[in-house]
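Chemist: model this:
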Amino acid sequence: MTVEPWQLQPARDTGLTPAERFRSVRRESGLLESMGFDPCDIDELCDRSGLPAEAVSAMLLKLELDGKIAGLPGGLYQRIR
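Modeler: Have a look, this model is predicted:
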């Protein structure tokens, strides 16, 4: 398969140091562990993880974009891998 120049995407500059990226990944992993595989809402995840709603919401968006969780009807989220 040939990749055309217009298909190449520049690397994302997150503005985070390697240590900050590591902490972010650890928090996301902890949120996934708190989630388990049953559907749950943000309030339940806040209670389980001890994180504020803003942080949980941001992490859920990233995890959904990464394909690790799915948004369900009724404001629920479920881990899919």
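Chemist: Lys68 reaches Arg81, doesn't it?
Modeler: Yes - counting by Cβ atoms under 8 Å, Lys68 touches Arg81, with 5.9 Å between them. For every residue, glycine as well, the C-beta is placed using N, CA and C.
Chemist: find the centremost residue of the protein, please.
Modeler: Using Cα atoms, centre = their mean, the residue of the chain that lies closest to the mean C-alpha position is Leu63, 2.3 Å off.
Chemist: what bridges to the closest residue to that one other than its chain neighbours?
Modeler: Nearest residue to Leu63, sequence neighbours excluded (Cβ to Cβ, 6 or more residues apart in numbering): Ile69, at 4.6 Å. Legend: beta-bridge partners of Ile69 under DSSP bridges are Arg79.
Chemist: isn't Ile69 right next to Leu61, touching?
Modeler: No - with contact defined as Cβ under 8 Å, Ile69 does not count as touching Leu61 (9.7 Å).
Chemist: who touches Phe37 in this structure?
Modeler: By Cβ atoms under 8 Å, 6 or more residues apart in numbering, the contact set of Phe37 is 78-79.
Chemist: got it, and the one 4 residues further on?
Modeler: For Asp41, the contact set (Cβ under 8 Å, 6+ apart) comprises 74-77.
Chemist: strands of this structure, start to end?
Modeler: Listed in chain order, the strands of the chain (DSSP state E) span 40-41, 69-72, 76-79.
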